[in-house]
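**Q** take a look and give me a structure for this.
(one chain, ligands or ions: 1)
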Amino acid sequence: MRIIKGHTYEHRKGGLYVVIDDGLLESDGTEVVIYRAVSDQQVWVRPIVEFADGRFKEVTDDPWPRATLPDYDALNQRYVREDGAVTLSGRPPEKPDEPGAPAPIEPETGMHKDYWVLSKEELAKGFVRPVRTSYKHSGCGHITTMARTIAETYARNPKFYGMTFCVNCKEHLPVEEFYWTVDGKLVGS
Ligand SMILES: [Zn+2]
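**A** I've put the predicted structure just below:
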């Protein structure tokens, strides 16, 4: 079983966890996995041999390129759309005047090269929904975990996106086809 930082795993009793890192137990050098519960953000530690013994199963590859996650300080210095949106990557949009995403879809992944998100200032105004990072596609049953800023954008403005990405279907589909794994609520509501 592969254990990858940033990837999401489901426990056989339910519950989703994101692997943060690996480490060594100081007292005896046991290799451990450090991981965070998606539901309440509690951080847990357990030996790698336990983690890999079949009780966890990887539910998704995190499709969001980590290298492009925004530097929050940079968010205020970049192109800002009329409604306060900025780009996830921090790069200027390729097509600022077109609706939809700021960059085209990459055929290999089915994802846009970039996404609109709300700016740090807009997010600081407060969330009207909990920050939920994973949703399940009702069509195929697969779970997709989002970049943090996209999750926060949903929490600030649940109607910001009309379509969202399924990592299994490799396409953007109406938000009504997805529900949050934590509480079963419809995405976009
Ligand atoms: Zn799907």
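
**Q** tell me which element the closest residue to K185 other than its chain neighbours falls in.
**A** Nearest residue to K185 in three dimensions, chain neighbours excluded: Y179, at 6.3 Å (Cβ to Cβ, 6 or more residues apart in numbering). For every residue, glycine as well, the C-beta is placed using N, CA and C. Assigned by DSSP states H and E, Y179 belongs to strand 178-180.

**Q** chain center to that strand: distance?
**A** Averaging C-alpha positions (Cα atoms, centre = their mean, to the nearest Å) puts strand 178-180 13 Å from its chain's average.

**Q** also stretch 1-14?
**A** For stretch 1-14, the distance to the chain centre is 14 Å (Cα atoms, centre = their mean).

**Q** enumerate the residues of this structure near the ion.
**A** H137, G139, C140, H142, C166, N168, C169 (Cβ under 5 Å from the ion).

**Q** sorry, back to before: who does the residue nearest to K185 bridge with?
**A** Residues in a beta bridge with Y179, per DSSP bridges, are K136, L186.

**Q** quick check, pLDDT for it.
**A** With respect to pLDDT, Y179 scores 97.

**Q** excluding its backbone neighbours, what's nearest the residue minimising distance to the centre of the chain?
**A** By Cα atoms, centre = their mean, the chain has its centre lying nearest to M146, at 1.5 Å. The shortest distance from M146 to any non-neighbouring residue, by Cβ to Cβ, 6+ apart, is to T133 (5.5 Å).

**Q** now do T149
**A** Here the residue nearest T149, using Cβ to Cβ, 6+ apart, is V117, at 4.5 Å.

**Q** residues contacting the helix or strand hosting the one you found, please?
**A** V117 belongs to strand 116-118 when assigned by DSSP H and E. Residues outside strand 116-118 that contact it (Cβ atoms under 8 Å, 6 or more residues apart in numbering): 70, 81, 84-88, 93, 101-102, 149-150, 152-153, 156-157, 160.

**Q** only whichever of these are buried, select them in PyMOL.
**A** Buried residues among the contacts of strand 116-118 (16 or more other Cβ atoms under 10 Å), as a PyMOL selection:
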select buried, resi 70+84+85+86+87+88+93+101+102+149+150+152+153+156+157+160
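
**Q** which of the contacts of strand 116-118 fall in strands?
**A** A85, V86, T87 (DSSP state E).

**Q** how close does the second one sit to K170?
**A** Okay, so that is V86. Applying Cβ to Cβ, to the nearest Å, the value for V86 to K170 is 25 Å.

**Q** name the helices or strands packed onto the helix or strand of the chain with the lowest mean pLDDT?
**A** When the helices and strands of the chain are scored by mean pLDDT, DSSP states H and E, strand 56-60 comes last with a mean of 82. Applying 3 or more Cβ pairs under 8 Å, 6 or more residues apart in numbering; DSSP states H and E, we find strand 56-60 packed against strand 8-11, strand 143-145.
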